[in-house]
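**Q** Just a sequence and a predicted model for now, questions to come.
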Amino acid sequence: MLSRPFDRIISSVGMISFCFTIFGCATGPTGPTVAPPTPTITINTVPSGADISIQGNYIGKSPLVITAPPNYTGNEPIKIEARLEGYETKEVSLGDYHPPTDEVLTRPSNIFLADPIPVGTKTIPAYYTFRNSIDIKLYPKK
C-alpha cells in the first residue's frame with residue numbers, strides 16, 4: 001500500500017501512461033481522406049435517346065449524367081434542349097429561383113439583452129437551386 005503522496009502521483013502517472021499505450025490517443029485512427037462525391041444531375045427523356053444540349057452546347061444522348069454546380073446552386077438557370085427524330089424539340093429551364101433578400105444586421109443592446117439593436121442591412125443576392133434529376137417528356141410531331 002502506498003502511503004506517501006509522491007508514490008501515489010508516480011503510480012497515477014504510470015497508470016495513465018499504460019492506458020495511453022494500450023488504447024492510443026482519443027483522436028482515433030487517421031486513414032486516407034475521402035473526397036466528397038461530386039454532385040450530379042441526371043437528365044432523362046421519354047422516350048430515351050434524345051440529343052441533349054445544355055446552354056446551346058451538345059452534351060450527348062439521354063439518359064445522361066452531368067456534373068452539377070457546387071452545392072447545386074448557381075446564378076442562372078440551366079437551359080436544356082432535347083431533340084429526337086420524329087418528336088417536337090423541347091427546351092426547358094432547370095432551376096428554382098430564389099429572389100434577393102435583405103437580412104437585418106443587429107448588435108446586442110446594453111440595456112435589454114433580449115432586444116438587439118438594428119445597425120443596418122445586408123442584401124443576399126438572388127440565386128438558383130437545382131434538383132439532382134429532370135425528366136423531359138417529348139411529344140410526337142403532328
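**A** Arrived safely, thanks for sending.
**Q** My guess is Ile136 contacts Ser93. True?
**A** No: using C-beta atoms under 8 Å, Ile136 makes no contact with Ser93, being 11.5 Å away. All C-beta spots, glycine's among them, are computed from the backbone N, C-alpha and C.
**Q** For these two, indicate the residue with more neighbours.
**A** Neighbours per residue (other C-beta atoms under 10 Å) separate Ile136 from Ser93, with Ile136 holding more: 19 against 11.
**Q** Flag the shaky bits of this structure, pLDDT-wise.
**A** Within the chain, the stretches with pLDDT under 70 are 1-15, 17-31, 109, 112-115.
**Q** for it, what spans make up the helices?
**A** 5-23 (DSSP state H).
**Q** nearest spatial neighbour of the residue nearest in space to the middle of the chain, skipping sequence neighbours?
**A** Central residue of the chain (C-alpha atoms, centre = their mean): Asn71, 3.6 Å from the mean position. Distances taken as C-beta to C-beta, 6 or more residues apart in numbering place Pro39 nearest to Asn71, at 7.5 Å, with adjacent residues excluded.
**Q** pretty sure the one you found is in contact with Gly74, am I right?
**A** No: with contact defined as C-beta under 8 Å, Pro39 does not count as touching Gly74 (11.4 Å).
**Q** one step back: who touches both of Ile136 and Ser93?
**A** Common contacts of Ile136 and Ser93 (C-beta atoms under 8 Å, 6 or more residues apart in numbering): Ile80.
**Q** more neighbours, Pro39 and Gly74?
**A** More crowded of Pro39 and Gly74, by other C-beta under 10 Å: Gly74, with 16 against 13.
**Q** got a list of what that one touches?
**A** Residues near Gly74 by C-beta under 8 Å, 6+ apart: 95, 127-128, 130.
**Q** Strands - which of those land there?
**A** Counted as lying in strands by DSSP state E, out of these, are 127-128.
**Q** what's the most distant pair in the contacts of Gly74?
**A** Farthest-apart pair in the contacts of Gly74 is Tyr127 and Phe130; separation 10.4 Å (C-beta to C-beta).
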